[in-house]
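Colleague: Just need the structure, nothing else, for what follows:
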Amino acid sequence: MKKFLAVATTLCVLSGFAAADIQSPPGSHYTSTRKLGRAFSNLVYGFIEIPEQIVRKSDTYGAKAGWSYGAIDGTSRGLTRLGYGFYELFTFSCPTYRGTFKPPYEKCGQDNRIEMNVHEGLSEFPPELGAESYYSHSRAQKF
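Modeller: Alright, predicted model coming up:
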């Protein structure tokens, strides 16, 4: 009986180590459904690039540049998003970009991650208007 308990305990411990080694591959978050979601968000919300670029260029270069250069750049980015939206909508079931479902945009930042507010490229999803907050400013509730 002691041998049986020792063997059973050893098997339980070793199976715990084996289960802890299972990981998702790096590209597992990019699936065909995410590509379809990107397509719809680019088609529906891609025009938000126009006011977003007006505000960003106004903050950086001034109001005149914001309403001229920002409007032109925002329109260009919006039309680019529209094109990518149609492309990804029609090819959402096929891994087209280097054999993956990742976005086919030119600049992806460090470590092939999509970054917000990149200067000569697009982020994975269109920008959001209004105040954006990535931090919680309240205390965590303990129950």
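Colleague: Tell me how many other residues surround Ala65.
Modeller: 15 (other Cβ atoms under 10 Å). Placement of C-beta: from N, CA and C, glycine included.
Colleague: That one is in contact with Arg56, isn't it?
Modeller: No. Between Ala65 and Arg56 there is no contact under Cβ atoms under 8 Å: 10.4 Å.
Colleague: Output the lowest mean pLDDT helix or strand found in the chain.
Modeller: Lowest by mean pLDDT, DSSP states H and E among the helices and strands of the chain is helix 2-20, with a mean of 68.
Colleague: Could you point out the helix or strand that follows that one?
Modeller: Next along the chain after helix 2-20, taking DSSP states H and E as the criterion, comes helix 32-45.
Colleague: buried set for that following helix?
Modeller: Using 16 or more other Cβ atoms under 10 Å as the test for burial, helix 32-45 gives 34-36, 38-39, 41-43, 45.
Colleague: Redo these as JSON lines? Include pLDDT and distance to Pro126.
Modeller: Shown next, in JSON lines, are the buried residues of helix 32-45 (pLDDT from 0 to 100; distance: Cβ to Cβ, whole Å):
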{"residue": "Arg34", "pLDDT": "89", "distance to Pro126": "15"}
{"residue": "Lys35", "pLDDT": "90", "distance to Pro126": "15"}
{"residue": "Leu36", "pLDDT": "92", "distance to Pro126": "15"}
{"residue": "Arg38", "pLDDT": "90", "distance to Pro126": "9"}
{"residue": "Ala39", "pLDDT": "92", "distance to Pro126": "12"}
{"residue": "Ser41", "pLDDT": "92", "distance to Pro126": "6"}
{"residue": "Asn42", "pLDDT": "91", "distance to Pro126": "6"}
{"residue": "Leu43", "pLDDT": "94", "distance to Pro126": "10"}
{"residue": "Tyr45", "pLDDT": "90", "distance to Pro126": "4"}
